[in-house]
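1. sequence-free structure coming up:
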């Protein structure tokens with residue numbers, strides 16, 4: 001009888017060698033870049049905002065030169081906001097092909113789930129498009145959210161949808177608008193997974209309502225906003241007194257060709273319905289940032305079917321500026337209209 005492989009756990013910031021090993025392992029398994037994970041885990045850029053813990057198991061194998069060496073066999077990565085421990089996100093769940101069907105991934109996910117719950121966690125989110133992995137998660141208590149491939153493990157005996165409704169209940173009071181930061185990495189997940197009435201939540205980061213299009217991202221939501229900021233744009237979050245993220249707004253520079261006629265920014269944003277009044281504050285923050293950045297005008301791109309959203313922008317001075325490109329919403333081509341506000 002073989003002993004079970006030992007589970008190791010480390011909290012960010014991690015040693016450089018381990019960070020590189022983890023990122024390389026994930027890039028090989030998922031076939032995508034994990035540069036941000038190198039920054040978060042290795043440089044600890046989220047320390048003070050989020051607590052990041054990695055669990056991993058090593059397996060012994062024979063190297064190319066015939067010597068014994070240990071490599072990563074399975075991993076998981078838990079992120080919990082320091083000031084919002086009731087929410088968490090699980091990512092980096094991966095098993096080396098040569099170590100599969102041994103229950104390693106399930107063990108590591110259980111470790112992460114149990115630590116999250118022991119810390120007072122209420123909802124732990126993850127995303128998967130892998131049916132085999134989804135079955136493992138289901139056994140551990142995760143349930144799929146409607147309109148997405150995201151799953152939520154709810155500590156209380158309620159469905160993920162019930163949890164989301166309760167999460168925002170009572171968040172209709174005063175809202176504080178702040179520049180976007182990694183504080184929102186996990187807090188934005190409930191907001192963006194809700195089925196909003198608008199088709200397009202934010203054209204600047206290609207986000208659509210789960211009422212109209214399947215959302216295939218969970219831990220990949222925040223990197224969209226971080227990439228926007230690194231590309232010369234900005235984003236803002238609206239926070240309730242209870243620490244709920246109830247809205248987001250963005251500003252993105254348009255192509256350089258437009259700068260010759262006066263720099264142009266595109267703004268957009270969304271809010272939870274309990275805090276509709278905060279929409280104006282968020283959009284004003286994006287417009288104000290655009291003005292300070294030297295923009296002569298701001299635009300917004302809306303679906304022709306998002307009539308209520310168009311009316312909101314027109315009420316603060318935006319006017320039609322012609323048609324935009326068509327967008328694909330769940331395989332259906334939808335016309336868009338562009339609105340402009342001169343600053």
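-> Thanks, I have it. Predicted, not measured: the structure shown is a model, and the values here were computed from it.

2. Domains of the protein: list them as residue ranges, please.
-> The chain breaks down into these domains under automatic domain parsing: 7-119, 175-342.

3. and the end-to-end length of the first one?
-> In this case it means domain 7-119. Taking C-alpha to C-alpha, to the nearest Å as the measure, domain 7-119 stretches 20 Å from start to finish.

4. quick one: that domain to chain centroid distance?
-> Average the C-alpha atoms of domain 7-119, do the same for its chain, and the two points are 18 Å apart (C-alpha atoms, centre = their mean, to the nearest Å).

5. Report the contact partners of residue 143.
-> Residues near residue 143 by C-beta atoms under 8 Å, 6 or more residues apart in numbering: 151-154, 159-160. Just so you know, the C-beta spots here come from the backbone N, C-alpha and C atoms, and that holds for glycine as well.

6. what sits opposite residue 151 in the beta ladder?
-> Partner residues in beta bridges with residue 151: residue 126, residue 144, with DSSP bridges as the criterion.

7. quick one on the thing from earlier: output the contacts of residue 143 as JSON lines; include the columns distance to residue 49, neighbour count and pLDDT.
-> Rendered in JSON lines, the data for the contacts of residue 143 read as follows (distance: C-beta to C-beta, whole Å; neighbours: other C-beta atoms under 10 Å; pLDDT from 0 to 100):
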{"residue": "151", "distance to residue 49": "24", "neighbour count": "23", "pLDDT": "98"}
{"residue": "152", "distance to residue 49": "22", "neighbour count": "26", "pLDDT": "98"}
{"residue": "153", "distance to residue 49": "22", "neighbour count": "24", "pLDDT": "98"}
{"residue": "154", "distance to residue 49": "24", "neighbour count": "20", "pLDDT": "98"}
{"residue": "159", "distance to residue 49": "29", "neighbour count": "14", "pLDDT": "96"}
{"residue": "160", "distance to residue 49": "25", "neighbour count": "22", "pLDDT": "96"}
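
8. Output those residues as TSV; include the columns distance to residue 133.
-> Formatted as TSV, the entries for these read as follows, by distance: C-beta to C-beta, whole Å:
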residue	distance to residue 133
151	10
152	15
153	14
154	19
159	21
160	17
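
9. follow-up on the earlier one: I'd like the domains of the chain as a markdown table, with mean pLDDT appended.
-> Compiled in a markdown table, those are given as follows (pLDDT from 0 to 100):
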| stretch | mean pLDDT |
| --- | --- |
| domain 7-119 | 91 |
| domain 175-342 | 94 |
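
10. Go through the ones you listed and name the closest to residue 146.
-> Checking the domains of the chain against residue 146 by C-beta to C-beta gives domain 175-342 as the closest, at 7.1 Å.

11. Centre-most residue in this structure?
-> The geometric centre of the chain, computed from its C-alpha atoms, lies nearest to residue 221 (C-alpha atoms, centre = their mean), at 2.3 Å.

12. need the contact list for that one.
-> Residues touching residue 221, when contacts are defined by C-beta under 8 Å, 6+ apart, comprise 188-189, 192, 207.

13. So which of those residues sit within strands?
-> Taking DSSP state E, the ones among those that sit in strands are residue 207.

14. Compare the contacts of residue 221 and tell me which has the most neighbours.
-> When the contacts of residue 221 are compared by neighbour count (other C-beta atoms under 10 Å), residue 189 ends up highest, at 28 neighbours.

15. on that earlier part again, any chance of CSV for the domains of the chain, columns distance to residue 165?
-> As requested, those are exported to CSV (distance: least, C-beta to C-beta, whole Å):
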stretch, distance to residue 165
domain 7-119, 15
domain 175-342, 9
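
16. if we compare these, which one ends up closest to residue 126?
-> The closest approach between residue 126 and any of the domains of the chain, judged by C-beta to C-beta, belongs to domain 7-119 at 4.2 Å.

17. next one: phi and psi at the residue nearest to the centre of the chain?
-> The main-chain torsion angles of residue 221 are listed as degrees, to the nearest 10 and equal phi -70, psi -50.

18. Please apply the same query to residue 172.
-> Backbone torsions for residue 172, taken as degrees, to the nearest 10, come to phi -90, psi 10.
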